[in-house]
Structures are given as C-alpha cells and as structure tokens.
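Engineer: sequence plus the predicted model coming up.
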Amino acid sequence: MTQTNPMVLLRKMLRIRRIEEAIADRYAEQEMRCPMHLCIGQEAIAAGVCEVLSDDDVMFSNHRAHGHYLAKGGSLNAMIAELYGRATGCCGGRGGSMHLIDLNVGFLGATPIVGGTVPLAVGAAWAASLKKEKRVSVIFLGDGCFEEGVVHESLNFAALHKLPVVFVCENNRFSVYTRLNERQPDRPIYKVAASHGIASYTGNGNDIEEVLALSRKAVGLAREGEGPQFLELHVYRWREHCGPDFDDHLNYRTAQEINDGQGDCPIARYVDLLEQSGALNRHELDSIELEIRAEIAAAFDFALSSAKPGALEAQGKVYA
C-alpha cells in the first residue's frame, strides 16, 4: 500500500475547516436559506477515512455531511451553489446543506433523517457482494443513531451476510443539547456493535494518524471479505448543533469542557507534529492557506453568479 503524504492529509483537513468557516461568516447575509450543520472540529475523521478509499468505493452521510462530501472529492462549486439554492447545485438547488450528492466520486447521498442512510449503505454493500465486486461502502453516523432501530437491523443484516461495509460513528457525545449519558446506558457504543458480531474498534477522532491507521485496517478487512467493520471515533463539535455560531451561552457544556474540546484541535495537533518532525514549515502552510482561500472565493463567485431554479424545474423529479 502506498505511503500517505502528510501534506495531503493536512490540506484536506485545513480545506474543510476554511470552507466551513467561510460558510459561517457569510450565513448572516441571509442568502443561504437552508439549515446548516457544521463539522468544525471533526475534520480528521472525514480526511482520515477518505484517504484510504478507492475511487470506486461509495459513501453515505448524515445531516453534518460537508466534511465527508469534500473529503471524498465532491465538487465544491456544486456544494456552495446548493447552499444558495442555485440550479448549478448538486441537487439542483432543491436540497440544501443536508442533501448532498456527487455520483462522480461515489458520494451517494446525505439526508437529515437520523439513521436514514445507514440501511442504504448496507444495501450498497449487499449489491457489491452479490456482484462479487471489491467495492467498500462507508457510512458516517452519529452517536444518536444508536437510538434508532433501523441501525441495529442494519448491523445485524450486514453481519449475517458478511457485507463489505464500514460503519464510522462520530461520537461527539451530544444529540443537539442532550448528553450521551442522558440518552443511553453507560456502555461503549463500539461494544454494542461488537455484540452484533461485527469487528469493532475505538479511537481518538482528533488524531489524524490514529484515524488513518484504524480506517486502513477496517477498509482493508472489509474489502478482503472479512465482513463489516465498525469504528467509534471520539470527537468534539465546536459550534452549535444547527447554525453557524457558538452556543456556549446556553450552558449545556461547561467552560472547562469547551476549553478542553477546542484545545484538542485535530489540525493544530497535526501541524505541531509535522513542524516538530521537520515535514512542514510556515511558508508551506501559508501557501496552502492561500490556495484554499482562492478556491473558496471562486466557489462563492460561481454560486452567486448561477441562476436560480425556474418554475418549470420545480415540477421535475417529483415521484408518485
């Protein structure tokens, strides 16, 4: 297996962070009229998992999908245009932030229904299994998904048929404002997955190298016919559940908790590691930043210069 370029990983994380910050900065202009769930602080998981996937592997996501979509190679222009409800958006301006798709790179869809895409990912893995294809299906889900029956049904079915699917649980400990220990019994989520007969692992979602190692192992085993794999990666959501702002004033998280969570920034952690090893200098980092900012500016220009869907287009893609 080829060695991962650390600069590729850093750029992928930094790109997601800067895109989301730009969205947050411009959301108050009231031109993006869809709900927005940002993944700032969770970039290492998307970057690490997608780094080990092939172009043929497929992916599904949830309401907090920007990072997954971007890390898999989804079109930035089409994503920003979708947020603005423009005809050039990835869903033609119909779906908004929580309905992203890019079939060209195997990002088969994201929806806001909790657990709703989990059986779709399992179905895609079943199709690959029936066709004898070495294609892996990946599904990103949150800790709140384990309160949905369809998730357990999907785990059971995947284990029964030894399907090539990797479940990636981003455990940020909150469902909106409610803590995990107020919603679920005191047991590790990955052990619940293991009880379904699935190989399960846990790790620090802020450590890109740990995410990469676990992902490489899980995806490799799934691809070689060893059945479904489950990753529980612990992470911290920086911003409010839904929206561009911080919600620290609501006091559902303590000041110490917020400080610790944001202090363990996956990007800052990796920059420090690369600088200490001599693999990165500030000039290189500044160059990456400039490239990313130019790309983001061009994407917003593209979106805002794109036409809005017309009345006739609204009649399309309606099924009965």
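Structural biologist: It's in.
Engineer: isn't there a helix covering L120?
Structural biologist: Yes - applying DSSP: H, G, I helix; E, B strand; the rest coil, one finds L120 inside a helix.
Engineer: just give the closest residue to it, not the sequence neighbours.
Structural biologist: Leaving aside its sequence neighbours, L120 sits nearest to F60 (C-beta to C-beta, 6 or more residues apart in numbering; 5.5 Å). C-beta: built from backbone N, CA, C; applies to glycine.
Engineer: pretty sure that neighbour sits against A110.
Structural biologist: Yes - F60 sits in contact with A110 when judged by C-beta atoms under 8 Å, with a separation of 6.9 Å.
Engineer: between those two, which contacts overlap?
Structural biologist: Shared contacts of F60 and A110, defined by C-beta atoms under 8 Å, 6 or more residues apart in numbering, are found at T117.
Engineer: phi and psi next, for the residue nearest to L120.
Structural biologist: Per-residue torsions, F60: phi -130, psi 150 (degrees, to the nearest 10).
Engineer: repeat for the one 10 residues further on
Structural biologist: Torsion angles at L70 (phi, psi; degrees, to the nearest 10) stand at phi -70, psi -40.
Engineer: C-alpha coordinates for the top helix by length along the chain, CSV please?
Structural biologist: For the chain, the longest helix by residue count, based on DSSP state H, is helix 282-305. Output in CSV follows, covering the C-alpha atoms of helix 282-305 (Å, rounded to 0.1, in the frame of the first residue of the first chain):
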residue,chain,number,x,y,z
ARG,A,282,5.3,28.1,7.9
HIS,A,283,6.0,29.1,4.3
GLU,A,284,4.4,25.8,3.1
LEU,A,285,1.5,26.3,5.4
ASP,A,286,0.9,29.9,4.2
SER,A,287,1.0,28.6,0.6
ILE,A,288,-1.7,26.0,1.3
GLU,A,289,-3.8,28.6,3.0
LEU,A,290,-3.6,31.0,0.0
GLU,A,291,-4.6,28.2,-2.4
ILE,A,292,-7.5,27.2,-0.3
ARG,A,293,-8.8,30.7,0.2
ALA,A,294,-8.6,31.4,-3.6
GLU,A,295,-10.6,28.2,-4.3
ILE,A,296,-13.2,29.2,-1.8
ALA,A,297,-13.6,32.7,-3.2
ALA,A,298,-14.0,31.3,-6.7
ALA,A,299,-16.7,28.8,-5.5
PHE,A,300,-18.8,31.6,-3.9
ASP,A,301,-18.4,33.6,-7.0
PHE,A,302,-19.6,30.6,-9.1
ALA,A,303,-22.6,30.1,-6.8
LEU,A,304,-23.7,33.7,-6.7
SER,A,305,-23.5,34.1,-10.4
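Engineer: quick one, strands of this structure?
Structural biologist: Per DSSP state E, the chain carries strands over the ranges 58-61, 107-110, 137-142, 165-171, 174-175, 178-179, 199-204, 229-234.
Engineer: now these in a markdown table, with distance to P309 and mean pLDDT?
Structural biologist: Converted to a markdown table, the strands of the chain look like this (distance: least, C-beta to C-beta, whole Å; pLDDT from 0 to 100):
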| stretch | distance to P309 | mean pLDDT |
| --- | --- | --- |
| strand 58-61 | 23 | 98 |
| strand 107-110 | 19 | 97 |
| strand 137-142 | 28 | 98 |
| strand 165-171 | 32 | 98 |
| strand 174-175 | 33 | 92 |
| strand 178-179 | 37 | 94 |
| strand 199-204 | 42 | 98 |
| strand 229-234 | 37 | 98 |
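Engineer: could these go into JSON lines alongside distance to Q315 and mean neighbour count?
Structural biologist: Shown next, in JSON lines, are the strands of the chain (distance: least, C-beta to C-beta, whole Å; neighbours: other C-beta atoms under 10 Å):
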{"stretch": "strand 58-61", "distance to Q315": "28", "mean neighbour count": "28"}
{"stretch": "strand 107-110", "distance to Q315": "22", "mean neighbour count": "23"}
{"stretch": "strand 137-142", "distance to Q315": "32", "mean neighbour count": "27"}
{"stretch": "strand 165-171", "distance to Q315": "36", "mean neighbour count": "27"}
{"stretch": "strand 174-175", "distance to Q315": "37", "mean neighbour count": "18"}
{"stretch": "strand 178-179", "distance to Q315": "40", "mean neighbour count": "12"}
{"stretch": "strand 199-204", "distance to Q315": "46", "mean neighbour count": "19"}
{"stretch": "strand 229-234", "distance to Q315": "42", "mean neighbour count": "25"}
